[in-house]
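In: okay, sequence plus prediction incoming.
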Amino acid sequence: MIFSKKFMPAGLLLIFFLVLPAHAESISLNDLIVKLQESYERAESIEARFIQKATIKSIKKTETEEGIVYFKKPKRMRWVYNKPDLKELVINPQIAWFYIPEDSLVYIQDAKKIFNSKLTISFLSGIGKLKDDFQINFSQPTATDEEGNYLLDLIPRGFEAGVGKILLVVNKSNFQIMEFSLTDIYGNITRITFKDMKTNTKLPDTFFIFTPPPGVEIYDMRNR
C-alpha cells in the first residue's frame, strides 16, 4: 500500500483516555491488562483532542500537530488536523479518505487493506485484543509516571512493518489510555496524547463518510 507520508497519522494506535486522582494502587500486570481491555470494550465511541509529536531521530527534529479525533466501533475513525496545517483522515468499514486542502487532493483507499495490514489500527477501530496482538510488560526502569499512571511496553506478536515498540500511558483510576508512543525500527518516535475525552457520544455512521469538495483532485488507489 503506497500512501503519501501525510496519509497515515503515524502509528495511529489504541485509544481512550483521562482523569486522574491521587495514588495508583498496586496491581498485577495481568489484572491491569484485563482492566485496560474492559475499559476499551466499554467505549463504543470516543471523541478527544489530540497532540501528535513526531521525532525523526536522524535529524533530531520534532514536528507537532494538533486536532480532534473521533472513534466509533467497529472500524470507524475520523482524524481532523487543524494545527499547523489542515488535513483530514476518515475511515469506515469500506473506504478510507485522506484530504489535504493545501494540495487540493483527496486519496481514496480500500479500508480492508488498512485493517488487514495494521494491527494497531485494528485495535483502534474496535476489532483488536491486546493480549492476542502484543507482548505486554511494565516499562523499565519505572512502571509508573510521576502522577502514578501506569506505563506499559507493547511489542507486536506478529510482524508489523516498521514497528519496534509501543509505550502506553494508562490512567491509574479508570484504566483508559491517555497517551501512546510508537518507536519504529529506526528509532523515530511518534507520541500522541489525548485530552478532553468524551466517551459513548452519539456519532452517526454518516459522520464517517467523506464527500470531497468540488474541484479537488481525487487519487483513487483502490484498483492499484
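Out: That came through, no problem.

In: could you name the helices and strands sitting against the longest helix that the chain contains?
Out: Taking DSSP state H as the criterion, the chain has its longest helix at helix 29-42. Under the contact criterion of 3 or more CB pairs under 8 Å, 6 or more residues apart in numbering; DSSP states H and E, helix 29-42 touches helix 130-133, strand 134-138, strand 150-156, strand 163-170. To be clear about C-beta, it is placed using only N, CA and C from the backbone, and glycine gets the same treatment.

In: turn the ones you listed into CSV, columns for mean neighbour count.
Out: Formatted as CSV, those follow (neighbours: other CB atoms under 10 Å):
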stretch, mean neighbour count
helix 130-133, 14
strand 134-138, 17
strand 150-156, 19
strand 163-170, 20
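
In: strands of the protein, start to end?
Out: 45-56, 61-72, 76-83, 87-91, 95-100, 105-110, 134-138, 150-156, 163-170, 177-184, 189-199, 217-220 (DSSP state E).

In: compare those strands and give me the one nearest residue 30.
Out: strand 134-138 (9.3 Å; CB to CB).

In: tell me the pLDDT at the residue nearest to residue 129 when sequence neighbours are not counted?
Out: Ranked by CB to CB, 6 or more residues apart in numbering and with sequence neighbours excluded, the top spatial neighbour of residue 129 is residue 37, at 7.1 Å. You'll see residue 37 listed with a pLDDT of 85.

In: and residue 56, how many neighbours does it have?
Out: By other CB atoms under 10 Å, 14 other residues sit near residue 56.

In: what sits against it?
Out: By CB atoms under 8 Å, 6 or more residues apart in numbering, the residues touching residue 56 are 62, 63, 188.

In: hmm, back to that, in JSON lines, list the helices and strands packed on helix 29-42 along with distance to residue 218 and mean pLDDT.
Out: JSON lines is the format used below for those (distance: least, CB to CB, whole Å; pLDDT from 0 to 100):
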{"stretch": "helix 130-133", "distance to residue 218": "33", "mean pLDDT": "78"}
{"stretch": "strand 134-138", "distance to residue 218": "36", "mean pLDDT": "90"}
{"stretch": "strand 150-156", "distance to residue 218": "33", "mean pLDDT": "90"}
{"stretch": "strand 163-170", "distance to residue 218": "30", "mean pLDDT": "86"}
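
In: Throw those into CSV and include distance to residue 31, thanks.
Out: Shown next, in CSV, are these (distance: least, CB to CB, whole Å):
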stretch, distance to residue 31
helix 130-133, 12
strand 134-138, 12
strand 150-156, 11
strand 163-170, 12
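
In: and the ones you listed: which comes nearest residue 208?
Out: Among the helices and strands packed on helix 29-42, helix 130-133 comes nearest to residue 208, with 23.0 Å by CB to CB.

In: how far does that closest one sit from the chain's center?
Out: Centre-to-centre, helix 130-133 and its host chain are 16 Å apart (CA atoms, centre = their mean, to the nearest Å).

In: next: stretch 78-88.
Out: For stretch 78-88, the distance to the chain centre is 14 Å (CA atoms, centre = their mean).

In: count the neighbours of residue 95 for me.
Out: Residues within reach of residue 95, counting by other CB under 10 Å, total 18.

In: hmm, I was thinking of residue 27
Out: Using other CB under 10 Å, residue 27 has 16 other residues around it.

In: which intervals of the protein have sub-threshold pLDDT?
Out: Low-confidence segments of the chain (pLDDT under 70): 1-25, 115-128, 159-162.

In: run the last query once more with 80
Out: 1-26, 113-130, 132-133, 157-164, 223-224 (pLDDT under 80).

In: rewinding a little: what does the longest helix of the chain rub up against?
Out: Contact with helix 29-42 is made by 14, 16, 27, 123, 129-131, 136-138, 150, 152, 168, 170, 174-177, 199, as judged by CB under 8 Å, 6+ apart.
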